[in-house]
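Fold the following for me, if possible:
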Amino acid sequence: MPLSAHTREQLKTLYNALADRVLEPGDPVYVAQVNCQGFSDAIEEIATEIEWQDGGGVCLFTGQRGTGKSTELKRLKKRLEDGGTVVFYADLSEFLLLTKEVEISDFLVSVAGAMSERVQEEYGASPGNRSYWDRFREFMQTKVEIREFAARLPGVDLKAALKSDPDFKHRVQEAARGHVAQLAREAHDFLAEAVLFVRERESDPARKVVLLIDSVERIRGVGSEAMAVYESVRDLFFGHAELLRVPLLHIVYTIPPYLSVLGPGAGALMGGAVPRRLVSTHVFKDRSRDPDPEGLAVLRTVVERRHPDWSRLFAEEALDRLAISSGGDLREFFRLIRLCLPAVRDDSQLPLSPTAVKAAENAARSEMLPIPGEHLLWLQRIARTHDTCLEKDGELPTLAHFLDNRLVLNYRNGSDWYDVHPLLRELVDAHVARTGA
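Numbers count the residues shown, from 1 in each chain. Just a heads-up that it's a prediction; the model follows:
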């Protein structure tokens with residue numbers, strides 16, 4: 001029978017319920033088991049570490065796109081605030097050009113500028129009645145003497161130029177290289193002064209102050225600049241790790257998933273911080289292609305929270321198939337479900353069967369193609385060993401591409417492991433069989 005108005009409304013409701021969005025703490029659709037496995041809860045561990053740290057410190061947080069980092073950072077903010085901590089959140093994409101090389105100079109300027117703006121928003125004033133942008137402009141004019149700064153008087157213009165003007169950002173980097181130690185000291189002094197300012201406003205000389213820096217993991221190069229950008233991230237976290245620690249202030253940095261592969265040990269250089277990682281839901285058993293009933297049940301719960309009547313639209317076997325085809329990546333899972341819905345034309349098609357969802361799988365697979373032959377061979381090594389198989393630094397942009405575009409997914413069933421996206425397995429296996437590699 002033709003699609004009824006009621007069925008059409010149900011399809012629309014599910015479609016919109018699965019739209020990508022950051023969940024606020026307390027949202028009834030939040031499912032803790034997605035990112036809390038067993039006794040492991042990255043957010044609770046970070047919160048505890050901050051509560052135990054004296055005099056400031058650094059925590060590192062990572063995960064592939066779509067694993068829920070921004071939602072979990074919101075939960076961290078609420079968790080800390082409930083304990084009396086003052087927490088500021090900053091999206092680095094508002095302050096930094098993420099597709100170009102990053103240096104310690106423009107990174108610290110962005111962090112201090114973000115803190116300056118958040119303090120101003122919260123308290124209506126700045127430490128010493130001067131924003132960090134004003135201080136930085138004065139520093140550059142008096143210490144470095146770049147003429148362009150004089151023409152960009154309002155602090156917001158300076159911020160915009162550093163974010164959106166690659167040439168201006170590059171010239172700032174060049175000019176600051178001879179003054180890194182002093183620039184870092186100025187930024188640290190401002191951030192420490194901001195902590196004291198907050199404590200004074202809160203009438204609590206021991207109040208903890210936390211700055212959450214999001215979107216650092218989105219720094220990635222394009223084309224011929226890719227390797228230089230990735231190298232700059234390594235230099236930032238390994239060559240200047242000590243400058244990313246700020247007295248009195250607790251900072252949480254989101255870092256790219258490839259950073260631990262690029263050069264493990266960043267946390268040790270910043271006072272022993274261990275990167276906490278979000279991974280895909282384990283829809284497969286440990287280092288296996290066998291479905292994991294526990295992980296599949298978690299993803300069914302996620303859908304049920306958002307649309308309790310989902311079983312009228314999907315057979316359980318069909319929903320599980322989409323969960324498996326997504327590799328447990330929540331954002332991809334939602335997208336596959338949404339791809340199925342507009343194709344429904346008749347009530348008799350429902351609930352959708354496993355066969356009926358193949359078109360959505362094919363559409364998602366085609367977006368990941370074509371894949372060069374040498375990449376297919378690498379993906380096969382990953383599928384066989386469940387490791388990243390990075391052999392040399394020059395291959396890093398390719399591995400970052402695999403992780404950024406979810407051709408390779410990260411799991412944790414006891415320990416961390418990797419596998420190729422399920423929709424690519426047949427293609428990878430067929431290429432290896434055809435070439436005999």
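
residue contacts, Ile251?
Gly56, Gly57, Val58, Cys59, Val111, Val210, Leu211, Leu212, Ile213, Leu244, Arg245 (CB atoms under 8 Å, 6 or more residues apart in numbering). Quick note: C-beta positions are derived from backbone N, CA and C, even for glycine.

give me that answer again for 6 Å
Ile251 makes contact with Val58, Leu211 under the criterion CB atoms under 6 Å, 6 or more residues apart in numbering.

What about it? Give its phi and psi, please.
For Ile251, the backbone dihedrals are phi -120, psi 130 (criterion: degrees, to the nearest 10).

Show me the shaky parts of the protein.
By pLDDT under 70, the weakly predicted segments of the chain are 1, 38-39, 144-156, 261-273, 436-437.

From the chain's centroid, how far away is the longest helix anywhere in it?
Taking DSSP state H as the assignment, the helix of the chain that covers the most residues is helix 180-201. Once both centres are worked out by CA atoms, centre = their mean, to the nearest Å, helix 180-201 turns out to sit 27 Å from its chain's centre.

in its sheet, what does the helix or strand following it sit against?
Once the chain leaves helix 180-201, the next helix or strand it forms, by DSSP states H and E, is strand 209-214. Its sheet considered, strand 209-214 pairs with strand 86-91 (parallel), strand 250-255 (parallel) by DSSP bridges.

quick one on the thing from earlier: residues in contact with the longest helix of the chain: which ones?
86, 105, 108, 112, 115, 119, 123, 127, 132, 139, 176, 205, 207, 209, 243, 246-249.

If we use 8 Å, what do you get?
Applying CB under 8 Å, 6+ apart, the external contacts of helix 180-201 come out as 56, 86, 104-105, 108-109, 111-112, 115-116, 119, 123, 125-128, 132, 135-136, 139, 143, 176, 205-207, 209, 211, 243, 246-249.

quick one: which of the residues you listed sit in strands?
Those of these mapping onto strands are Val86, Val209, Leu211, per DSSP state E.

For these, give me JSON lines that also has neighbour count.
Formatted as JSON lines, those follow (neighbours: other CB atoms under 10 Å):
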{"residue": "Val86", "neighbour count": "19"}
{"residue": "Val209", "neighbour count": "24"}
{"residue": "Leu211", "neighbour count": "24"}
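
could I get those as JSON lines with distance to Val180?
Formatted as JSON lines, those follow (distance: CB to CB, whole Å):
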{"residue": "Val86", "distance to Val180": "29"}
{"residue": "Val209", "distance to Val180": "25"}
{"residue": "Leu211", "distance to Val180": "21"}
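
Just the buried ones from the contacts of helix 180-201?
Buried members of the contacts of helix 180-201, scored by 16 or more other CB atoms under 10 Å, are 56, 86, 104-105, 108-109, 111-112, 115-116, 119, 126-127, 132, 135-136, 139, 176, 209, 211, 243, 246, 248-249.

what's near enough to touch Ala176?
By CB under 8 Å, 6+ apart, Ala176 lies in contact with Glu103, Ser105, Asp106, Met140, Val144, Leu183.

let's go with 10 Å and repeat that
Contact partners of Ala176, counting by CB atoms under 10 Å, 6 or more residues apart in numbering, are 103-106, 108-109, 139-140, 143-144, 146, 182-184.

one step back: filter the buried ones among the contacts of helix 180-201 down to the ones in helices?
Counting by DSSP H, these contribute 104-105, 108-109, 111-112, 115-116, 119, 132, 135-136, 139, 176 to helices.

which residue sits closest to Ser260 in space, ignoring its chain neighbours?
Using CB to CB, 6 or more residues apart in numbering and skipping residues adjacent in sequence, the residue nearest Ser260 is Pro275, 6.0 Å away.

Kindly report the same for Leu319.
The shortest distance from Leu319 to any non-neighbouring residue, by CB to CB, 6+ apart, is to Arg300 (6.2 Å).

separation between that neighbour and Val344?
Using CB to CB, to the nearest Å, Arg300 is found at 20 Å from Val344.

Next: Val58.
Val58 is 49 Å from Val344, by CB to CB.

before we move on, what about Leu236?
Applying CB to CB, the value for Leu236 to Val344 is 48 Å.

Could you do Gly84 as well?
According to CB to CB, Gly84 stands 51 Å off from Val344.

Show me where the stretch 301-437 of the chain has its strands.
408-413, 415-420 (DSSP state E, counting those that start in this stretch).

strand partners of the last one, parallel vs antiparallel please.
If I follow you right, that is strand 415-420. For strand 415-420, pairing defined by DSSP bridges yields strand 408-413 (antiparallel).
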